[in-house]
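Asks: Could you look at this predicted model? Sequence included:
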Amino acid sequence: MVRSPLDVFRVRPRRPRPVEEERTVSRGLPVFGCLFRVFLLFALLVILAIAAIWMVAGGSVGTWVVDVGQSMGVMGGVPTQTQRGIDAYRRGDRALAERELDQAARSYRRSAVALLYLARMRVEAGDMAGAAPYLDEAIAREPDNPTVRRMAGEYQLTVAQSLAATPTLADAATSHLELAEDHLAYTVSLDPSDRRARGYLACVLNALGRVDEARAARAAAGSGAWDACVGSSVP
């Protein structure tokens, strides 16, 4: 059988895609890729610039990484600036402590430590109303932190005791005692070994007239700074 030269394998030509379809498929992809690369380059330059400034100021790369991680809430520990505020507080330099802790509270938005010390300073100065916003923000940032909850409970107990000492305001003390119980009981559920929380919970329960529960909480806590507020009815 003789084959004709025309009997060659013919590849079917690809059907051209309509112009509109071509535009639909390719539209936007090159632009998105370019913008993404520009964004990555810009982010890298910013990070390098911050790192350079930090190192010029005397910091190390490791310290800078920790500081950034703490400010973003992805690393634990007490931030350096917060620790400086705590050290100033312990030395009795309240003005410096206030500045450092206030700035730390603004810079490290996921840490409650600075807020707790700011609240404590307000309580010690007799400004109970001024302490409340710091504690509220601390709970919002770290709702399951036993230290935060315990301090909030002690604060509510202190407010209740102040109200109870004024005959015309004594009735308002109950709501603060109930809030104190909520915070302190939750603290104990988070950290059963917290003796301080158990001791002040005994104070709250006794003030609410629940002597048997107060006695059990006092027995679990043992003796401590809470003895004065527990009362003689709870041995």
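Replies: Perfect, thanks for sending it.

Asks: Verify the stated contact: Arg122 with Tyr134.
Replies: Yes. Shown here, Arg122 and Tyr134 form a contact pair, counting by C-beta atoms under 8 Å, at 6.9 Å. Just so you know, the C-beta spots here come from the backbone N, C-alpha and C atoms, and that holds for glycine as well.

Asks: neighbour count winner among the two?
Replies: A count of neighbours by other C-beta atoms under 10 Å puts Tyr134 above the other of Arg122 and Tyr134, at 25 against 19.

Asks: For that one, I want the exact helix or strand it lies within.
Replies: In this structure, Tyr134 is located in helix 128-141 according to DSSP states H and E.

Asks: buried stuff in that helix?
Replies: For helix 128-141, a neighbour-count test (16 or more other C-beta atoms under 10 Å) marks Ala131, Ala132, Tyr134, Leu135, Glu137, Ala138, Ile139, Arg141 as buried.

Asks: buried stuff in the stretch of helix or strand Ala216 belongs to?
Replies: The secondary structure element spanning Ala216 is helix 211-221 (assigned by DSSP H and E). Buried residues in helix 211-221, counting neighbours by 16+ other C-beta under 10 Å, are found at Glu213, Ala214, Arg215, Ala216, Ala217, Arg218, Ala221.

Asks: Check stretch 153-173 too.
Replies: Taking 16+ other C-beta under 10 Å as the neighbour-count basis, stretch 153-173 is seen to contain the buried residues Gly153, Glu154, Tyr155, Gln156, Leu157, Thr158, Val159, Ala160, Gln161, Leu163, Ala164, Ala173.

Asks: Can I get that stretch in PDB? Just the C-alpha atoms.
Replies: Listed next in PDB are the C-alpha coordinates belonging to stretch 153-173 (Å, rounded to 0.1, in the frame of the first residue of the first chain):
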ATOM      1  CA  GLY A 153     -10.300  40.000  94.600                       C
ATOM      2  CA  GLU A 154      -8.200  41.800  97.200                       C
ATOM      3  CA  TYR A 155      -9.100  45.100  95.700                       C
ATOM      4  CA  GLN A 156     -12.900  44.400  95.900                       C
ATOM      5  CA  LEU A 157     -12.500  43.200  99.500                       C
ATOM      6  CA  THR A 158     -10.700  46.500 100.400                       C
ATOM      7  CA  VAL A 159     -13.500  48.500  98.800                       C
ATOM      8  CA  ALA A 160     -16.100  46.500 100.700                       C
ATOM      9  CA  GLN A 161     -14.300  47.000 104.000                       C
ATOM     10  CA  SER A 162     -14.100  50.800 103.300                       C
ATOM     11  CA  LEU A 163     -17.800  50.900 102.600                       C
ATOM     12  CA  ALA A 164     -18.700  48.800 105.600                       C
ATOM     13  CA  ALA A 165     -16.900  51.200 107.900                       C
ATOM     14  CA  THR A 166     -19.300  53.900 106.900                       C
ATOM     15  CA  PRO A 167     -22.800  53.200 108.200                       C
ATOM     16  CA  THR A 168     -24.600  55.000 105.400                       C
ATOM     17  CA  LEU A 169     -22.700  53.000 102.800                       C
ATOM     18  CA  ALA A 170     -22.600  49.600 104.500                       C
ATOM     19  CA  ASP A 171     -25.300  48.100 102.300                       C
ATOM     20  CA  ALA A 172     -23.200  48.800  99.200                       C
ATOM     21  CA  ALA A 173     -20.500  46.600 100.500                       C
END
